[in-house]
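1. Here is the input, now give the coordinates:
(2 chains)
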Amino acid sequence: MKQQLIVSGIGGQGVLFLTRVIAQTAVNREMPVLTAETHGMAQRGGTVLSTIKVGAFASPLIRTGQADVGLVLWEANLPVHRPLLQADGQLLVNADQAGEGQRIDASGIARELGSAVLANLVLLGLAIRQQALFCSAEECETAIRQLAPVKFVELNLAAFRKGLHT
Amino acid sequence: MTEKDTQLLMGNEAIGQGLIEAGCQVAAAYPGTPSTEILQAVIDRAGLALEPLHIEWSVNEKIAFEVALAASYTGKRAAAVMKQVGLNVAADPFMRTAYLGVKGGMLTIVADDPGPHSSQNEQDTRLFCLQARVPVLDPASPAEAKDLVPVGFDLSEKYEVNVVLRPTTRICHSRQNVARRQPQRLERVADFQKDPTRWAATPAFLPALHRKLNQHLASIASEPDLQPQLTPGDGSHPRLAMVASGIVYSHLVDLLEELGLSGCCDLYKVIMPYPMNPDFSHQLLTAYDRVLVLEETYPVIELQLAHPGTIGKQSGAVPREGELTPDIIHQVLASFLDLSPPAVLPTERRGQRPSLCPGCPHRAAFYNIKACFPKGIFPSDIGCYTLGMNLGAVNTVHCMGACISQGVGFYHAYAQDGEVPPIVVTIGDSTFFHAGIPALINAVVQQARIIIVILDNATTAMTGGQPVPHMGIAAGGKQTRAVAIEPLVKASGVDFLEVCDPYDQEHFKALLRQADTYTRRPDGGVAVLISRHGCIMDRTVRSGQPSFKISIDERCVGCRKCVEAFECPALSMDPVSGKAVVNQDRCIGCGVCIPVCPVEAIGEEGSA
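-> Purely as a prediction, here's the structure:
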């Protein structure tokens, strides 16, 4: 099994956390995984991109048109990162308006839960519901429990489940 | 911990874990993207070390290097960690160390930034090592970066030389399953063997040391475990070879696999780009007509191979600048192997630019500096506050600490002609300690009439909040003596020194005007204003200040001042109404924008 994913957003949206949750599910399965992340100045509200490659890969980067799945937390990034996705790749977008890909108002749902930053896990929930990822809902929950700070575990799981069932 | 277990680790964390496992006892660094998380990983894992471990965030890279160096003189293992331009700061001791050597294993970990993603250039540390005559290892994955830590220490101890480990951004900030092992117990006792002909070598002793270095380099180049590793081809492309190092090798492996071309021709992976074995060059010369060389960022392997059939940066076949992404390698490979050319890439778009955070105290400072001195010259420096560019309040950004000296240069160049515009330098607190103090003394001695605003947010913010000397906290949260900024400024001969919270905008502006008056007085000189407010990324800062529910009412005339001149990312223009709106997800309610609005449309919700 091989899968190539991108996670697109802006600094402060929890792109790195979402990347780690997905990669951790692969580690828990004892599958090889590679990620590449954006750190540094771009994290101050600029466009950030993570790539995740699960399976027998050597490099963490994804060529244009090769990603199987795109998780887009910031809709305005679509023109920037859409070209990385395969023509028939699965695209999941956090947006409150209609448009390309499977969409969910993840920020709106997250706001109702108390913090817009939870949109990352709402979108992950949608991706699992659409069966877009290599991993299962249970595996994601395990990874969230492993990686979230203890006092935020339940809130993170609630966000994930909102995306999974909304 | 079990004998061996696997974790998802970032390359930088893997290197930090490797330092602990290898029995490193002194680790010193100055933060800088993409290297920062290496020392943080050592701090986080200090409890795993079996022997005493001193970890420090040094005041700059030169100091970090020298601290680690002397620890190595005692026979213990030591590491200095920095980003590529940090090596420029540490260049002086680094160059001499090549001749004098080390005792205990000394690893200098220098993270390069091809692209560049977060740096002022994309210089190649491997070329620096060629010039310095220092062996350098170039890992191709996070896991390999960790594996090369003990290899580097062993090599360092075998030849008593400093060894460089050079990860790049895509190693540093990539995660991978990485196996952890038990830390080593080396049982070394500090034992500095005095040898003035070496540790204090005068010119009389240097030719012999230089000769010994050259002999060592010849032996190191032949070290069997560090030779280029061949994956033989299937014979379908005889007399063609590919040579790659670092993460570019990994991009190439994936690309060949995806194109069904794995094993199409002989492929060499270079682990040690300097010194290269002359036998390898000779072998390539005799066995192949054309050799594709892929490496980041400068043609270091290419220069040493000197193969007339090289397809690389010098021939122009491989781009000479920027990151070698898989897409670019695809184009290069298609040309080398006569494949059908890949589809034309969509024009690269940059996406949303970064901004100072909502509530960032630097925004308040920059906005008012620009408001007071619309025609000023604004030298600035390296850090989050570089983003003051977005407010038009940063005109130059060069290298750590350059802003103060550049302010002096601007002053004297203008003063020669008569009228001098206001010159307002901005420098962060960490940058001030790193390289600002000698520059401040120089500014005073050279009688420059400039305003220096020290943007003191009590942390090294850009790299994620490492401690700064005036907070009295050392690596890992350990308490230490605080070294305050004010007495340093005073002792540098500055007579105008004021401190102000930039959120107090009227007071801040008044002090800026006083400072300007002072610089123009007959007995005036350098004026320093410390702009003091904690970094808003620090939760305790945010919870310790009042928060207002900000709204914009119908008085808004759509003048865009709040989104352009003030440039808060929590404010934007509604394309339908043409009026400014607040993004409540991002607004932290600092209220600094309230007086910015010329028609008083921005206010605290509920208040008239």
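
2. When you work out contacts or count neighbours from here on, use the C-alpha atoms and nothing else.
-> Noted.

3. Can you tell me the SS state at residue A:48?
-> strand (DSSP: H, G, I helix; E, B strand; the rest coil).

4. interface residues of chain B facing chain A?
-> B:7-8, B:33-34, B:117-118, B:141, B:170, B:173-177, B:247, B:250-251, B:253-254, B:325-327, B:345-346, B:348-357, B:384, B:462-463, B:569, B:585 (Cα under 8 Å from any Cα of the partner chain).

5. what about residue 29, neighbour count?
-> No chain specified, so I'll use chain A. Residues lying near residue A:29 (other Cα atoms under 10 Å in any protein chain shown) number 10.

6. oops, I was thinking of chain B
-> 31.

7. Can I get the longest strand along chain A in CSV, CA atoms only?
-> Using DSSP state E, we find that the single longest strand of chain A is strand A:85-94. Backbone C-alpha positions of strand A:85-94 (Å, rounded to 0.1, in the frame of the first residue of the first chain) are rendered in CSV as follows:
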residue,chain,number,x,y,z
LEU,A,85,-3.1,16.5,-6.7
GLN,A,86,-3.7,13.8,-9.3
ALA,A,87,-6.5,14.7,-11.7
ASP,A,88,-8.8,12.1,-10.0
GLY,A,89,-7.3,12.6,-6.5
GLN,A,90,-9.6,13.1,-3.5
LEU,A,91,-9.9,16.7,-2.5
LEU,A,92,-11.3,17.7,0.9
VAL,A,93,-11.7,21.4,1.7
ASN,A,94,-12.6,23.5,4.7
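
8. and residue 105, what is it in contact with?
-> I'll assume chain A. The neighbours of residue A:105, taking Cα atoms under 8 Å, 6 or more residues apart in numbering or on different chains as the test, are A:94, A:95, A:96, A:97.

9. that's the wrong chain, I wanted chain B
-> With Cα under 8 Å, 6+ apart, residue B:105 has these contacts: B:72, B:75-78, B:152-157, B:160-162.

10. sec struct for residue B:180, please.
-> Residue B:180 ends up strand, using three-state DSSP.

11. Correct me if wrong: it contacts residue B:6.
-> Yes: contact criterion Cα atoms under 8 Å: residue B:180 and residue B:6 qualify, at 6.0 Å.

12. Quick check on those two: which one has the bigger neighbour count.
-> residue B:180 (20 against 14).

13. Distance-wise, check the more buried one relative to residue B:105.
-> 21 Å (Cα to Cα, to the nearest Å).

14. State which one residue of chain A is found closest to chain B.
-> residue A:46 (3.7 Å; Cα to the nearest Cα).

15. okay, the nearest residue to that residue once chain neighbours are set aside: pLDDT?
-> Once flanking residues are discounted, residue A:46 sits nearest to residue B:354: 3.7 Å by Cα to Cα, 6 or more residues apart in numbering or on different chains. Looking at residue B:354, its pLDDT reads 93.

16. which residues does residue B:354 contact?
-> By Cα under 8 Å, 6+ apart, the residues touching residue B:354 are A:11, A:41, A:42, A:43, A:44, A:45, A:46, A:47, B:387.

17. which residues touch the first one?
-> The neighbourhood of residue A:11, defined by Cα under 8 Å, 6+ apart, consists of A:42, A:43, A:44, A:45, A:46, A:47, A:48, B:354.

18. could you dump those residues to CSV with distance to residue B:145?
-> Shown next, in CSV, are these (distance: Cα to Cα, whole Å):
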residue, distance to residue B:145
A:42, 25
A:43, 25
A:44, 28
A:45, 30
A:46, 29
A:47, 28
A:48, 24
B:354, 30
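
19. between the residues you listed, which is nearest residue B:544?
-> Distances from residue B:544 to the contacts of residue A:11, taken as Cα to Cα, are shortest for residue A:44 (21.7 Å).
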